[in-house]
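Q: need coordinates for the below:
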Amino acid sequence: MDRTGPFVPRRLLAVCTATGLAVSGLAALSSAARAADADLARNGGFESGLDGWTCTAAATVNSPVRSGNSALKATPAGSDYAQCSQTVTVKPDSQYTLSGYVRGSYVYLGASGTGTTDVSTWTQSATDWQQLTTTFRTGTATSKVTIYTHGWYGTGTYYADDLSLVGPGVDAGRPPAAPTGLAVGAVTSSTVALSWSTVPGATGYALYRDGVKIQTATGTSATVSGLSPSTAYSFQVAATNDAGESAKSATVTATTSAGSGGGSADLPTHALVGYLHASFANGAGYTRMADVPDSWDVIDLAFGEPTSTTSGDIRFTRCPVTECPTVESDADFKAAIKAKQAAGKKVLISIGGQNGQVQLTTTAARDTFVSSVSKIIDTYGLDGLDIDFEGHSLSLDASDTDFKSPTTPVIVNLISALKTLKAKYGTKFVLTMAPETFFVQLGYQYYGTGKWGGQDPRAGAYLPVIHALREDLTLLHVQDYNSGSIMGLDNQYHSMGGADFHIAMTDMLLTGFPVAGDANNVFPPLRPDQIAIGMPASTNAGNGYVSPTEVDKALDCLTKKSNCGSYTTHGTWPALRGLMTWSVNWDRYSSWEFSTNFDGYFG
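A: Got it, this is the predicted structure:
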């Protein structure tokens, strides 16, 4: 299928005969054919959001619309043309007409998998709603066809409405019966195993937790993960086929066991995490370890950096006196760390940062990473490790498409290295991560290079690391700053500058989300005690600063379900661990505004 040039329709040749009987017979035949046809596209007017469609960079809007109350809005990027597609059940060897209304520059409408000749039509420019129409015939063995609309790389936003696929309908039959025999299997602090009886005619199953659909399964068993320790949950399962979803099964309940390992790590119920500029000063100035206020529960030493990008050899060099005139001696620095630990604080080495690109491309680099990081931890008597890989440290190979089973060497080797360090130091070892939104929440829309290639291979690249280490992970504090707009679970884009961004981004982590829009490939939620929200301490610290009032709004919404604004969260999480900020130094520069507000909110 060629999507790069204009669509040229077949010429229609007609021979007219002028007898009334022939015209009458033709009209009768045409009428009968129309009566048998149906519109097979689901939610073609987008009145139910994106239900039925698989989209990238898309959302529904109330204006402009061609009819009804909603239309599709999609914005192609440099590496993605913002496609929305839907797979439709059709009859073999049958004629179909695909039609839709579009507006914008370079908008395409087409069908693939027809079994004959795949078709598409397009418009270079539609300043107002313009109808696109194309026809095709299915192959003799074709039962499903994919219809789609998309724009073109970097050419701007397009809109679509009233998409239809008209032709012979297929009797989808009836939804299957409700499953029986739902039973609870093995239970851990964060997972519950479920099984049920086979339902005749079912092609899949949908799992519900506390009344909310959380994942799908093709077989008669599944494990629900991302649960909180010592918490009771209710579960149901429904059977599905092309005709729809059955009634839900009877409810079973399970209570997770008490957590151990990567959970609280003796942190207070609500913790404040901050980065201390230990190896440099910059505009915020140097802050001695002993001068860090008791407000800070986790102190990340910034930064350990590699000797070269692929060496795996991490070094931590303290700020030289020429750059930091007030820097303390190594002896005083180590003594201050011990004093913080005696007061219940955790001190970690943070690896990476903006300038510390780390790519563990080989097992040799992996092993060097483990040994060099261990040396830093042992030298300074630290409590653990923070992974702050940014830039091009993590990316996915084109063939690496499943976050649950990664194959990319830099991902696999990092997971192995972190598991080795966790095993070496035991359950008290504190492991935290500070990815950017591009590497985590963007995975809701994009994962790696994508099904058709051309996307940024770094998109969502932290997801396999987080998932593999979720049982060992103490805290995940995504950097909700220096970020572009990110689509939330409401399929709307959210931007920095207010509570809304933090609410939407955190809700994704606590609810879970389908990766790259695939409902059968869901990133499970993390526990609330594993989540801290990353924010800049001041306007000087980074883009995305929000005032204390907006910080409190975000916390109110996520922990109390109040003050939420326009975004509706998928739960309430009073056990949310707390906040992370860049940085302790910038907070000091701003008269401790950030930490003072944290103390005032949580008491």
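Q: show me the helices in the stretch 1-150 of the chain, by range?
A: Secondary structure of the stretch 1-150 of the chain (DSSP state H, counting those that start in this stretch): helices located at 20-36.
Q: where are the low-confidence patches of it?
A: Low-confidence segments of the stretch 1-150 of the chain, defined by pLDDT under 70: 1-36, 78-79.
Q: what residue ranges in this protein are flagged as low confidence?
A: Using pLDDT under 70, the chain drops low at 1-36, 78-79, 172, 259-265.
Q: count the residues that sit near the residue lying closest to residue 57 once chain neighbours are set aside.
A: In this structure, residue 57 finds its nearest non-sequential neighbour in residue 82, 4.2 Å apart by CB to CB, 6 or more residues apart in numbering. C-beta here means a position set from N, CA and C on the backbone, and glycine is covered the same way. Residue 82 has 23 neighbours, counted by other CB atoms under 10 Å.
Q: do I have it right that residue 82 meets residue 56?
A: Yes: using CB atoms under 8 Å, residue 82 makes contact with residue 56 at a distance of 5.7 Å.
Q: what do those two both touch?
A: Common neighbours of residue 82 and residue 56 (criterion: CB atoms under 8 Å, 6 or more residues apart in numbering): residue 74.
Q: distance of residue 492 from residue 243?
A: With distances taken as CB to CB, to the nearest Å, residue 492 is found 31 Å from residue 243.
Q: residues contacting the residue nearest to residue 57?
A: 55, 56, 57, 58, 74, 75, 76, 150, 151, 158.
Q: could you measure from the first one over to residue 594?
A: Read that as residue 55. Distance, residue 55 to residue 594, by CB to CB: 37 Å.
Q: when the two are compared, which one has more neighbours?
A: residue 594 (28 against 22).
Q: residue 588 is in contact with the more buried one, correct?
A: No: counting by CB under 8 Å, residue 594 does not reach residue 588; the two are 9.8 Å apart.
Q: neighbouring contacts of stretch 555-569?
A: 488, 490, 494, 499-500, 503-504, 506-507, 510-511, 552-553, 572-574, 576, 601.
Q: at 6 Å what do you get?
A: Stretch 555-569 is contacted by residues 500, 503, 504, 506, 507, 553, 572, 573, 574, 576 when judged by CB atoms under 6 Å, 6 or more residues apart in numbering.
Q: just the buried ones from the residues you listed?
A: Among these, the ones that count as buried by 16 or more other CB atoms under 10 Å are 500, 503, 504, 506, 507, 553, 573, 576.
Q: from those, pick the one nearest residue 454.
A: Sorting the buried ones among the contacts of stretch 555-569 by how near they are to residue 454, with CB to CB, puts residue 504 at the top with 26.5 Å.
Q: how about that closest one: what's its closest non-neighbour residue?
A: Nearest residue to residue 504, sequence neighbours excluded (CB to CB, 6+ apart): residue 488, at 3.6 Å.
Q: how close does the one you found sit to residue 184?
A: Counting by CB to CB - residue 488 and residue 184 are separated by 32 Å.
Q: check residue 557 too.
A: Distance from residue 557 to residue 184, counting by CB to CB: 32 Å.
Q: give me the more crowded residue out of the two.
A: Taking neighbours as other CB under 10 Å, residue 557 and residue 184 compare with residue 557 leading, 25 against 15.
Q: help me confirm that that one is found in a strand?
A: No: Residue 557 is assigned helix when assessed by DSSP: H, G, I helix; E, B strand; the rest coil, not a strand.
Q: tell me how many other residues crowd the residue lying closest to it once chain neighbours are set aside.
A: In space, and not counting its chain neighbours, residue 557 is closest to residue 564: 3.9 Å by CB to CB, 6+ apart. The local packing of residue 564 (other CB under 10 Å) involves 18 other residues.
Q: please apply the same query to the one 3 residues further on.
A: By the criterion of other CB under 10 Å, residue 567 has 18 neighbours.
Q: which SS class is it?
A: Secondary structure of residue 567, reduced to three states by three-state DSSP: coil.
Q: that older thread, now, the buried ones among the contacts of stretch 555-569 that are in helices?
A: 500, 503, 504, 506, 507, 553 (DSSP state H).
Q: what are the phi and psi angles of residue 599?
A: Dihedral pair for residue 599: phi -60, psi -40, per degrees, to the nearest 10.
Q: wait, doesn't it sit right on residue 295?
A: Yes: counting by CB atoms under 6 Å, residue 599 does reach residue 295; the two are 5.5 Å apart.
Q: any idea which of the ones in helices among the buried ones among the contacts of stretch 555-569 is closest to residue 462?
A: residue 506 (15.5 Å).
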